[in-house]
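> Structure, please.
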Amino acid sequence: MFSLARRLLFLLPSQLLLLLATQEHLRGMLHNRIQVTKAQESKQAKESPPKSDSTDRPF
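Here you go, the predicted structure:
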């Protein structure tokens, strides 16, 4: 971990800013993808009633 911090200190400021911007962009994309997936799952759950399996029944 220390060597990573040392390498980051030697990055040019523009490279460091690009790295941070890329990280934030990817985090935002991932957050949006999670929100879309959750919305799709809840929509599917509302449209299709739960199916009763033999595994769902208590003994």
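> from here on, contacts and neighbour counts on C-alpha atoms
Noted.
> And the contacts of the lowest-mean-pLDDT helix or strand in the chain?
The helix or strand of the chain with the poorest confidence is helix 2-10; it has a mean of 77 (mean pLDDT, DSSP states H and E). With contact meaning Cα atoms under 8 Å, 6 or more residues apart in numbering, helix 2-10 is reached by L16.
> Now find how far off-centre it is within its chain.
Taking Cα atoms, centre = their mean, to the nearest Å, one finds the center of helix 2-10 at 26 Å from the center of the full chain.
> after that helix comes which helix or strand?
Going down the chain from helix 2-10, the next helix or strand is helix 13-47, by DSSP states H and E.
> Average pLDDT for that next one, rounded please.
The average of the pLDDT scores along helix 13-47 is 91.
> That helix vs helix 2-10, what angle?
120 degrees (axes from the mean of the first three to the mean of the last three Cα atoms, to 10 degrees).
> now helix 13-47, how far from the centre of its chain.
5 Å.
> buried stuff in that helix?
By neighbour count with 16 or more other Cα atoms under 10 Å, helix 13-47 contains no buried residues.
> tell me which strands and helices that helix is in contact with?
In terms of contacts (3 or more Cα pairs under 8 Å, 6 or more residues apart in numbering; DSSP states H and E), helix 13-47 is not packed against any helix or strand.
> what's the neighbour count on L8?
Neighbourhood size, L8 [other Cα atoms under 10 Å]: 13.
> Tell me how far it lies from L20.
As judged by Cα to Cα, to the nearest Å, L8 and L20 stand 11 Å apart.
> One more: A39?
29 Å.
> just F2 next, same as before
Here F2 is placed at a distance of 19 Å from L20 (Cα to Cα).
> ditto for L11
To L20, L11 is 12 Å away according to Cα to Cα.
> Kindly report the same for K38.
27 Å.
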